[in-house]
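Asks: Predicted model and sequence below, questions to follow.
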Amino acid sequence: MSKAKMDPSNQSNTQKEEETMFSRIRKECLSFTTSVQESLQHKKAFFVGQGKKITARNEKEASEADLQTAKMQVEATNEAEQTKKKLEM
């Protein structure tokens, strides 16, 4: 056997590198999932707002629908940012 295969510190370093690589991949996948979820929440907010605008009986209800859409989109963005900050820790 070669010396590199027998050296326990070399195996330990390889294990740590693999763990680091898998950890990074996991973080990236979670970040991607969070971004997709945020995008879907934005789309949901858009369609909910459009539905409410279409069924609005007056200008006030239409503007309330716009405000609700904006609020839902801001909430989606804030949730995604919080999740991504947790992943960085």
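Replies: Cool, got the structure. Predicted model, so just to flag it, every value in this text is computed and none were measured. Numbering: from 1, shown residues only.
Asks: what's near enough to touch the residue sitting nearest the centre point of the chain?
Replies: With distances taken as CA atoms, centre = their mean, the chain has Thr34 as the residue nearest its mean C-alpha position (1.5 Å). Thr34 makes contacts with Ala80, Thr83, Lys84, Leu87, as judged by CB atoms under 8 Å, 6 or more residues apart in numbering. The way it works is simple: take the backbone N, C-alpha and C, and place the C-beta from them, glycine included.
Asks: Report pLDDT for Thr73.
Replies: Actually, residue 73 is Gln rather than Thr. Gln73 carries a pLDDT value of 96.
Asks: cool, the one 5 residues further on as well?
Replies: Here, the pLDDT recorded for Asn78 equals 97.
Asks: coming back round to it: would you mind measuring from the residue nearest to the centre of the chain to Met72?
Replies: 17 Å (CB to CB, to the nearest Å).
Asks: what do you get for Ala65?
Replies: Distance from Ala65 to Met72, by CB to CB: 11 Å.
Asks: now do Glu17
Replies: Counting by CB to CB, the gap from Glu17 to Met72 is 43 Å.
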